[in-house]
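Q: Give me coordinates for this.
(one chain, ligands or ions: 2)
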Amino acid sequence: MKVHIIGGGNLGVSIALGLSKFTTENQITITRRNTSSILYLEKLGTTVSTNNTHLIQEADIIILTIKPYQVDTVLSEIVPAFSNKVIASAVSGLSIENLQSKIGDSNTAVRIMPNIAAQFGASATCIAFQEQNKDKAQVVVSLFQTLGTAPIIDEKLMDAATVLAASGTAFALRYIRASMQAGIEIGFDWQTALSISAQTVKGAAEMLLEEKVHPEQLIDRVTTPQGCTIAGLNEMEMHGFSSSLIRGIKTSLKQIKG
Ligand SMILES: NC(=O)C1=CN([C@@H]2O[C@H](COP(=O)(O)OP(=O)(O)OC[C@H]3O[C@@H](n4cnc5c(N)ncnc54)[C@H](O)[C@@H]3O)[C@@H](O)[C@H]2O)C=CC1
Ligand SMILES: O=C(O)[C@@H]1CCC=N1
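A: Numbering: from 1, shown residues only. Ligands and ions are numbered 1, 2, ... in the order given. Have a look, this model is predicted:
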């Protein structure tokens, strides 16, 4: 398949890297106004261009990874150059209805919300589309299944998916950083503390995904009565650990909704 990624920034590059690593059958093109910092992608077989319309009519999927304020300029440039395309937009806050009205009826709007772990085949890419476009959207679902999980969600949850799945990467990394900082305070050098903290989070996540149980069931296996774990957890909760995270996620959501 021919995949055109418009917007070679943080997200666009992570998708291009993931596709070049985890798929063999795709031809990837990525565009950006100044390409000097992403020319290395060409060594991996990706075409890098400053021209958003270069061979775009041949694309099977066009992925938009530009900022919301760049949408009108980019679409007014590219839409006249193609028809009958599936446009998968990762632009936060841009509704399917709004995108569909900008790309015209011959094209199909699909909303995607990947995260930068797409680069490692570990994104949780939430996908939404209109029911009548189910068949055409399948190509997007299949593509993102190669880069991690790709749950189909109701569009009304897309903003929530943005903060849980995309911003969530930053939230998880901040947990790891805090854990690592504590690790340094209790005796490790930062590299050792970081690798222990990151692997511990990875292990916890793998158990949850494999066993499909509520986290508290696994926590119960770790918290020895009168032990150190429950003492630490209770101290964290006393200082608002869970409520701080919940408040942060809800604040992120308010920021998107405006
Ligand atoms: N960074 C992330 O983790 C995630 C970002 N998103 C969304 O994806 C979009 C992009 O985010 P980032 O990659 O972080 O932003 P970014 O600023 O890193 O990337 C945007 C890229 O578009 C390029 N660009 C600007 N005008 C262009 C034009 N006319 N033609 C071609 N390329 C052009 C810029 O040079 C830049 O490289 C945003 O809408 C964001 O909300 C969604 C999920 C995760
Ligand atoms: O912070 C942002 O606005 C974008 C959307 C989710 C991740 N990055």
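Q: Which parts of the stretch 101-250 of the chain are strands?
A: 108-113, 123-124, 126-128, 148-149 (DSSP state E, counting those that start in this stretch).
Q: Any chance of those strands in TSV with mean pLDDT as columns?
A: Listed next are the strands of the stretch 101-250 of the chain as TSV, based on pLDDT from 0 to 100:
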stretch	mean pLDDT
strand 108-113	98
strand 123-124	98
strand 126-128	98
strand 148-149	98
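Q: what's the most buried one of the ones you listed?
A: Among these, judged by mean count of other Cβ atoms under 10 Å, the one packed with the most neighbours on average is strand 108-113 (a mean of 26). Every residue, glycine included, has its C-beta placed from N, CA and C.
Q: So which of the strands of the stretch 101-250 of the chain is nearest ligand 1?
A: strand 108-113 (5.7 Å; Cβ to the nearest ligand atom).
Q: Please put the alpha-carbon coordinates of that closest one into CSV.
A: Written as CSV, here are the backbone C-alpha positions of strand 108-113 (Å, rounded to 0.1, in the frame of the first residue of the first chain):
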residue,chain,number,x,y,z
THR,A,108,-13.6,9.5,3.2
ALA,A,109,-12.7,11.0,6.5
VAL,A,110,-11.4,8.8,9.3
ARG,A,111,-10.2,10.0,12.7
ILE,A,112,-7.3,8.3,14.3
MET,A,113,-5.5,9.0,17.6
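Q: what's in contact with that strand?
A: Applying Cβ atoms under 8 Å, 6 or more residues apart in numbering, the contact partners of strand 108-113 are 63, 85-90, 92, 94-96, 99-100, 103, 125-130, 133, 136-137, 140, 144, 155, 158, 161-162, 165-166.
Q: same check, this time on stretch 66-73
A: Ile6, Gly7, Gly9, Leu64, Val74, Val91, Ser92, Gly93, Leu94, Lys102.
Q: Only the buried members of those residues: can you turn that into a PyMOL selection?
A: Buried subset of the contacts of stretch 66-73, written as a PyMOL selection, criterion 16 or more other Cβ atoms under 10 Å:
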select buried, resi 6+7+9+64+74+91+92+94+102
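Q: would a markdown table of the contacts of stretch 66-73 with distance to ligand 2 and pLDDT be doable?
A: Listed next are these as a markdown table, based on distance: Cβ to the nearest ligand atom, whole Å; pLDDT from 0 to 100:
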| residue | distance to ligand 2 | pLDDT |
| --- | --- | --- |
| Ile6 | 17 | 98 |
| Gly7 | 12 | 98 |
| Gly9 | 10 | 98 |
| Leu64 | 13 | 98 |
| Val74 | 17 | 98 |
| Val91 | 9 | 98 |
| Ser92 | 4 | 95 |
| Gly93 | 9 | 93 |
| Leu94 | 11 | 96 |
| Lys102 | 20 | 98 |
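Q: okay, now the domains of the protein?
A: Here the domain assignment for the chain is 2-153, 160-257, based on automatic domain parsing.
Q: From the opening residue of the longest one to its closing one, how far?
A: By that I understand domain 2-153. Its start and end residues considered, domain 2-153 measures 25 Å (Cα to Cα, to the nearest Å).
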